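Novice: model the following, please.
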Amino acid sequence: MLPVIDALQTAILPVFAALALGYGLGWRGVLDRGDATAINKFVILCALPALLFGLVARAPLDQFNAAVMLTYLASEVLVYGLGFALCYWVFRRPVLEALLLGMAACFANHVFFVYPIAQAVIGPEAALPVAAVMAMDAVVLYGATILLLDVVSAGRGSAVKIARQIGTNPLILSLAAGVLVNLSGIGLHDGVGQYVDFVGAATAPAALFALGVMLSAVPLRRLEGATATTIGLKIIVHPIVFSGLAGLAGGTAALWTESVLLVAAGPCGAMPFVLALRYGIDPTLLMKAILLSTTATVGTLALLA
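Specialist: Numbering: from 1, shown residues only. Next up is the predicted model:
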């Protein structure tokens with residue numbers, strides 16, 4: 001249990017340190033919502049495209065366990081759909097916000113939270129399964145959400161307008177470029193690789209810092225139904241759904257299943273918040289879900305491990 005506790009502390013420290021610094025500067029009035037939005041623009045236009053491109057371009061597709069990956073994707077689709085349905089029809093949230101709450105219900109904080117815990121619990125061999133989920137989520141879950149947001153936000157505009165909005169989205173373009181580089185087999189030039197590593201590494205800390213600034217203006221004592229539902233779906237329902245589907249599939253590699261289960265049980269990632277600011281969606285419920293799910297998984301992941 002001690003390695004698990006150590007890993008949890010290692011995973012929690014950078015997340016809460018970035019949040020706390022942003023929160024403190026926002027609370028003191030040094031930074032405000034406009035500053036957080038500007039930081040988020042850097043994430044959307046520079047850091048996140050670099051991260052997504054490098055992640056997808058380098059993904060070792062031939063080493064992925066297709067059965068486990070498809071099972072996990074199916075669990076994400078089910079939880080995503082359930083989260084959207086509950087937030088939209090039960091809690092009456094706007095459609096764009098409900099989409100992002102559905103995404104938050106199945107999109108984990110892979111890099112800074114789950115990854116070190118998986119390595120402590122399972123070992124270094126857990127790195128590949130977690131990285132595989134990161135790559136799949138970047139292309140499928142993240143890409144599909146952006147497409148949905150673009151189509152819905154374009155309203156009843158013409159197909160040309162929708163295509164232009166999608167075709168000029170830097171996140172879609174970076175994902176497409178990463179897929180092309182990966183499938184072509186040409187690999188990344190060393191200089192390009194160092195650039196995407198250098199700039200892409202700013203994605204999570206910058207997004208979490210901006211999240212902290214925004215949280216400083218949000219009352220945290222009230223827990224809305226949509227927020228509580230999103231948290232419950234992410235840290236309780238999602239791992240149960242994945243475990244059930246994996247059991248039905250049968251014959252899947254134990255190492256991959258155990259590693260990916262930790263991802264399913266991880267806290268909400270910050271990327272739905274990043275998209276909320278880009279598309280002008282109220283991020284309040286998403287911010288609370290990210291913060292509270294991160295806090296809650298300190299206990300749930302320790303029990304699971």
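Novice: contacts for stretch 244-254?
Specialist: Residues outside stretch 244-254 that contact it (CB atoms under 8 Å, 6 or more residues apart in numbering): 65, 67-68, 71, 74-75, 257, 261. The C-beta positions use only the backbone N, C-alpha and C, and glycine is treated the same way.
Novice: may I have the phi/psi pair for Cys268?
Specialist: The main-chain torsion angles of Cys268 are listed as degrees, to the nearest 10 and equal phi -60, psi 130.
Novice: try Gly123
Specialist: Given degrees, to the nearest 10, the pair of backbone angles that Gly123 has is phi 120, psi 180.
Novice: how close does it sit to Ala264?
Specialist: Taking CB to CB, to the nearest Å as the measure, Gly123 falls 19 Å from Ala264.
Novice: so which of those two has more stuff around it?
Specialist: Using other CB atoms under 10 Å as the criterion, Gly123 and Ala264 rank with Ala264 on top: 25 against 11.
Novice: so who does that one touch?
Specialist: In this structure, Ala264 makes contact with 72, 75, 108, 238-239, 241-243, judged by CB under 8 Å, 6+ apart.
Novice: try it again at 10 Å.
Specialist: Counting by CB atoms under 10 Å, 6 or more residues apart in numbering, Ala264 touches 72, 75-76, 79, 106, 108, 114, 133, 234-235, 237-243, 246, 304.
Novice: just the buried residues from the residues you listed, in PyMOL please.
Specialist: Provided next is the PyMOL selection string for whichever of the contacts of Ala264 are buried by 16 or more other CB atoms under 10 Å:
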select buried, resi 72+75+76+79+106+108+114+133+234+235+237+238+239+241+242+243+246+304
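Novice: next step: the contacts of Ala264 restricted to helices.
Specialist: Using DSSP state H, the members of the contacts of Ala264 that fall in helices are 72, 75-76, 79, 133, 238-243, 246, 304.
Novice: same list, those, but as JSON lines with distance to Ala20 and pLDDT please.
Specialist: Shown next, in JSON lines, are these (distance: CB to CB, whole Å; pLDDT from 0 to 100):
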{"residue": "Tyr72", "distance to Ala20": "32", "pLDDT": "97"}
{"residue": "Ser75", "distance to Ala20": "32", "pLDDT": "97"}
{"residue": "Glu76", "distance to Ala20": "30", "pLDDT": "98"}
{"residue": "Val79", "distance to Ala20": "29", "pLDDT": "98"}
{"residue": "Val133", "distance to Ala20": "28", "pLDDT": "94"}
{"residue": "His238", "distance to Ala20": "27", "pLDDT": "98"}
{"residue": "Pro239", "distance to Ala20": "28", "pLDDT": "96"}
{"residue": "Ile240", "distance to Ala20": "32", "pLDDT": "96"}
{"residue": "Val241", "distance to Ala20": "33", "pLDDT": "97"}
{"residue": "Phe242", "distance to Ala20": "31", "pLDDT": "96"}
{"residue": "Ser243", "distance to Ala20": "34", "pLDDT": "94"}
{"residue": "Ala246", "distance to Ala20": "36", "pLDDT": "92"}
{"residue": "Leu304", "distance to Ala20": "26", "pLDDT": "67"}
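Novice: I appreciate the help and will end here.
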